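>>> Test case, fold it:
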Amino acid sequence: MDIRALTPSYAVSPQIALADLAAIKAAGFTTVIDNRPDGEIPADLHAAAMQAAAEATGLVFVINPVIAGALSLANVEAQRAAVAASSGPVFAYCASGNRSSILWMMMNAREQSAEDLIATTARHGYNHAPLKEQLEALARG
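Got it, this is the predicted structure:
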């Protein structure tokens with residue numbers, strides 16, 4: 001498991017396994033957000049199986065699938081709501097952590113500059129420079 005903490009309260013990761021959930025809980029996370037559609041992954045990692053295992057360990061599990069190349073404002077708002085409702089740090093995952101980090105950037109476009117958001121995700125291996133204009137447009141409302 002590769003936890004990439006964008007902030008002290010929000011981390012992203014590539015796809016996790018059922019066995020990773022106990023370590024996620026032990027690391028202090030309270031909410032796990034699945035940003036990966038079931039159609040991309042084997043049945044044993046589908047959202048329902050992950051949710052049952054996460055809840056059995058005491059984690060809140062939120063399903064917010066983002067189709068590659070088709071991230072929507074509804075996805076951003078669902079992610080924002082899940083983060084706001086969380087009682088502690090949030091762990092979001094997808095195939096590589098890219099979609100989960102883009103959601104974080106879009107959620108925070110009004111609070112942080114596009115340059116700062118892009119720099120934060122770049123420190124974790126993501127190249128989001130092409131999203132600068134979109135982030136600036138979100139910041140303008």
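
>>> in the chain, which spans are helices?
Taking DSSP state H as the test, the helices found in the chain are 21-26, 47-56, 73-85, 98-107, 114-122, 132-140.

>>> Would you format those as a markdown table with mean pLDDT and mean neighbour count included?
(C-beta placed from N, C-alpha, C; glycine too.) Shown next, in a markdown table, are the helices of the chain (pLDDT from 0 to 100; neighbours: other CB atoms under 10 Å):
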| stretch | mean pLDDT | mean neighbour count |
| --- | --- | --- |
| helix 21-26 | 97 | 16 |
| helix 47-56 | 96 | 16 |
| helix 73-85 | 96 | 16 |
| helix 98-107 | 96 | 24 |
| helix 114-122 | 97 | 17 |
| helix 132-140 | 93 | 14 |
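
>>> Tabulate these in TSV, adding columns for distance to residue 39.
Supplementary listing: those in TSV, determined by distance: least, CB to CB, whole Å:
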stretch	distance to residue 39
helix 21-26	22
helix 47-56	11
helix 73-85	16
helix 98-107	14
helix 114-122	25
helix 132-140	25
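
>>> Any idea which of those helices gets closest to residue 92?
Evaluated with CB to CB, the helices of the chain place helix 98-107 nearest to residue 92, the distance being 3.7 Å.

>>> ok, and the closest non-adjacent residue to residue 49?
Among residues not flanking residue 49 along the chain, residue 18 sits closest, at 6.9 Å (CB to CB, 6 or more residues apart in numbering).

>>> what's the distance between that neighbour and residue 64?
The span separating residue 18 from residue 64 equals 19 Å under the rule CB to CB, to the nearest Å.

>>> before we move on, what about residue 126?
To residue 64, residue 126 is 18 Å away according to CB to CB.

>>> among the helices of the chain, which is nearest residue 13?
Evaluated over the helices of the chain, closeness to residue 13 peaks at helix 98-107, with 7.5 Å, by CB to CB.
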